[in-house]
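following is a predicted model, sequence given first.
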Amino acid sequence: MAFSKLKVLIRKAAARTYQELWKAVGHVCDLFTDEECYNFFKAAGYKTD
């Protein structure tokens with residue numbers, strides 16, 4: 001689920017160079033909330049504390 005969202009957001013950034021891609025990835029990762037990340041791990045079956 002997280003990778004699906006990540007791919008959509010990176011495609012929207014339309015990065016065309018390696019530098020632009022990594023800049024977009026850094027920005028996109030900030031769009032995931034802590035709660036959302038927690039839920040991704042929980043849904044994948046990982047033990048959460």
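All right, it came through fine. Numbers count the residues shown, from 1 in each chain.

host element of the most centrally placed residue in the chain?
Centroid check for the chain by Cα atoms, centre = their mean gives residue 6 as the closest residue, at 3.9 Å. Counting by DSSP states H and E, the element that carries residue 6 is helix 2-13.

for the protein, which segments count as helices?
Assigned by DSSP state H, the helices in the chain fall at 2-13, 18-29, 34-43.

turn those helices into TSV, columns for distance to residue 49 and mean pLDDT.
Bear in mind the C-beta positions are built from the backbone N, C-alpha and C, glycine included. Formatted as TSV, the helices of the chain follow (distance: least, Cβ to Cβ, whole Å; pLDDT from 0 to 100):
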stretch	distance to residue 49	mean pLDDT
helix 2-13	19	82
helix 18-29	22	86
helix 34-43	10	89
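
how near is the residue of the chain positioned farthest from its centre to residue 23?
For the chain, the residue at maximal distance from the C-alpha centroid (Cα atoms, centre = their mean) is residue 49, at 21.3 Å. The gap separating residue 49 from residue 23 is 32 Å, by Cβ to Cβ, to the nearest Å.

what does residue 43 give?
From residue 43 over to residue 23 (counting by Cβ to Cβ), the distance is 29 Å.
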